[in-house]
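1. Turn this into a structure:
(one chain, ligands or ions: 1)
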Amino acid sequence: MPSCEMCGKEFPSLRRAVIEGTTMSVCGNCVKFGVEQAGPKVEVTGRSQTTQALERRAVRGKPRDIYDQMQEELVEDYGERVKQARQRAGLSIEDLGKAINERVSNLANIEKGTYHPPDALVAKLEKALDVKLKEKPEAPSGIGGRPVGNAGAKELTLGDLIKKQLEKK
Ligand SMILES: [Zn+2]
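-> Okay, here's the model as predicted:
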């Protein structure tokens with residue numbers, strides 16, 4: 001016997017009503033919570049309409065995931081960011097090169113903005129210097145911006161990270 005999707009009680013037949021924008025199979029008592037739909041009785045299929053409604057709700061509740069899936073792009077001022085982060089850490093280009101095992105000439109060109117670092121190198125620089133070099137293009141309207149960066153997520157100080165990197169050598 002089908003059961004009412006509102007109260008869960010079983011009834012020989014159910015009516016169809018739109019409740020909060022979702023079509024549900026409900027009993028005669030619960031139909032008043034929504035707008036009753038005319039039409040054939042709801043056939044009981046494998047996936048209940050409640051399940052489908054919940055899935056729809058789940059999708060609606062996660063706009064951020066869509067945003068998170070958007071491709072990140074190298075920021076225009078990546079060179080400046082690398083340079084500033086490096087100087088903030090009190091490192092020379094040579095120190096940084098040693099720390100992340102990268103050619104000093106490459107790093108110098110990155111800081112000048114004449115060399116677009118490949119993804120792997122961007123990731124290394126971001127990690128070593130605790131700097132954000134990639135950002136998503138503008139947030140789609142309706143979702144709204146959210147803070148970019150990793151402020152507050154620091155467990156180690158910059159110096160600690162670099163020291164660790166150097167100790168490994
Ligand atoms: Zn009911």
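
2. Following the chain onward from the helix or strand of the chain with the lowest mean pLDDT, which element is next?
-> Within the chain, no helix or strand scores below helix 63-69, which has a mean of 58 by mean pLDDT, DSSP states H and E. Beyond helix 63-69 on the C-terminal side, the first helix or strand identified by DSSP states H and E is strand 73-74.

3. Remind me what that following strand packs against, helices and strands.
-> Under the contact criterion of 3 or more Cβ pairs under 8 Å, 6 or more residues apart in numbering; DSSP states H and E, strand 73-74 touches strand 134-135. C-betas here are computed from N, CA, C, even on glycine.

4. For the strand it packs on, which strands pair with it and how are they oriented?
-> The strands that strand 134-135 pairs with in its sheet are strand 73-74 (antiparallel) (by DSSP bridges).

5. Residues in contact with the partner strand: which ones?
-> 116-117, 122, 133-137 (Cβ atoms under 8 Å, 6 or more residues apart in numbering).

6. can you put those in TSV and add neighbour count?
-> Shown next, in TSV, are the contacts of strand 73-74 (neighbours: other Cβ atoms under 10 Å):
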residue	neighbour count
His116	12
Pro117	20
Val122	19
Leu133	22
Lys134	15
Glu135	13
Lys136	15
Pro137	9
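
7. Going by distance to Glu36, which of those wins?
-> Lys136 (44.6 Å; Cβ to Cβ).

8. looking at it, that closest one is touching Val75, isn't it?
-> No. Lys136 is beyond contact range of Val75, at 10.5 Å (criterion: Cβ atoms under 8 Å).
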